[in-house]
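1. Pasting the sequence and the predicted model now:
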Amino acid sequence: MTNCIKRKDYIGLRSLRGIGAILIFYHHFGFDSAVTNSFGDLGVSLFFMLSGLVLSMTYSGDKLECGSRVIGKFMKKRIFKIYPVYLLSLLVAVLVMGCNYKALPFDLLLLQSWIPVASFYFSGNSVSWFVSSLFFLYLMFIPLQRRLTTDHNTFIKVFGFGAVLYFFIVYFIPEPLVNGIIYINPIMELPAFVIGMLVWHFFGRSNRFQANSDKNILCLQVVSIILSVTFIYLYRYVNLRLTVASFWWIPNAFLLTVLLLSEGRATPINHVLSLRIFRLIGDISFTFYLFHTIVIAIYNRAIMHISIDLPLFPSSLICLAITLAIAYALHYYVELPIARKLKKFI
């Protein structure tokens, strides 16, 4: 595999990671409403799609080979990047919240998302199942990307067949396993990942849309926001078998496409997304995601212990600020230094 190409810093995508992480934070904070309930499924689907897009963007133009040594080197790079902070979050979660010790070996090996039992995939750090599923998608990336770049017509036909099969399977999964399989299982998250790859393949690499005026791009941005808000509203009326994953494929794919086409354009929305605070939250979003439920748990215990009765929204802002501060410190003083030291072993 050749070296990664040097790519543009897509500020919109960078900031979107941070916005997605905050949506998931509010899903877990305790607002019992249809809107905040939708934030979790929306954010997770968005992250899987973003992962596929960013990897395709990173390795765009590379001549990928599928040998075991190539895939091994690719996976080693990913593991060195995500596993240290993942392991730290798991250790802290076990100390703070306890765990199902039968599930701990699965947590350590990033296999918990393959067991469709809540006491396994939510054991330890309850949000870390995402990393388990992401690890599988990383394993699939090189063969998928190679096929997409060498024969995208066949790739799209196979993906179309797989999508039809996905919806067929979804409606035959027993009700108690809906969350554990449709939402958690890595194979069921593969379509969102592939959609992200396709978005980059068909829109990120092309210059044929560059002639659009900034006004037209702004209209597309507004439409993408309206579409996302509409789906958030419709969430409460749609079957759980869809809302946990596939319901978000269309609005998220459209949003990512528009952000790619919007790069470098002088629109008010781009100005907001380029603000340092959003870029910073995007940079620390992975650490923020891994630690946010732990911080929420500690924060809620502290509030109960000192008997302070704060309204939920102001309380969430305080907890959000604390979580961001902790994520910032861990990202820059733990995650990045460890990644730099491990880089020499790649």
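-> Thanks, I have it.

2. contacting residues for the residue nearest the centre of the chain?
-> Centroid check for the chain by CA atoms, centre = their mean gives Phe47 as the closest residue, at 1.8 Å. The contact partners of Phe47, by CB atoms under 8 Å, 6 or more residues apart in numbering, come to 17, 20, 130, 289. No exception for glycine: its C-beta is placed from N, CA and C like everyone else's.

3. can you rerun that using 6 Å?
-> Gly20 (CB atoms under 6 Å, 6 or more residues apart in numbering).

4. That one: which element?
-> Taking DSSP states H and E as the criterion, the element that holds Phe47 is helix 34-58.

5. Please work out the average pLDDT along that helix.
-> On average, the pLDDT along helix 34-58 is 94.

6. hmm, back to that, now do the residue nearest to the centre of the chain against Leu109, distance only.
-> 21 Å (CB to CB, to the nearest Å).

7. returning to that earlier point: now the helix holding Phe47: buried residues?
-> 36-57 (16 or more other CB atoms under 10 Å).

8. give me the low-pLDDT residue ranges for the stretch 151-300 of the chain?
-> 205-211 (pLDDT under 70).

9. Would you state the strands of it in chain order?
-> With DSSP state E, counting those that start in this stretch as the definition, the stretch 151-300 of the chain shows no strands.

10. what about the helices in it?
-> 152-170, 186-199, 214-234, 240-243, 249-262, 268-273, 276-283, 285-305 (DSSP state H, counting those that start in this stretch).

11. Could you do the stretch 1-150 of the chain as well?
-> So, for the stretch 1-150 of the chain - with DSSP H, counting those that start in this stretch - the helices run 11-29, 34-58, 68-97, 104-108, 118-121, 129-150.

12. Format those as CSV; extra columns: distance to Cys319.
-> Formatted as CSV, the helices of the stretch 1-150 of the chain follow (distance: least, CB to CB, whole Å):
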stretch, distance to Cys319
helix 11-29, 7
helix 34-58, 14
helix 68-97, 15
helix 104-108, 25
helix 118-121, 24
helix 129-150, 20
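
13. Tell me which of the ones you listed lies nearest to Ala327.
-> Distance to Ala327, taken as CB to CB, is lowest for helix 11-29 among the helices of the stretch 1-150 of the chain, at 8.7 Å.

14. What is the closest one packed up against?
-> helix 34-58, helix 249-262, helix 268-273, helix 276-283, helix 285-305 (3 or more CB pairs under 6 Å, 6 or more residues apart in numbering; DSSP states H and E).

15. of these, which approaches Asp151 most closely?
-> helix 34-58 (15.4 Å).
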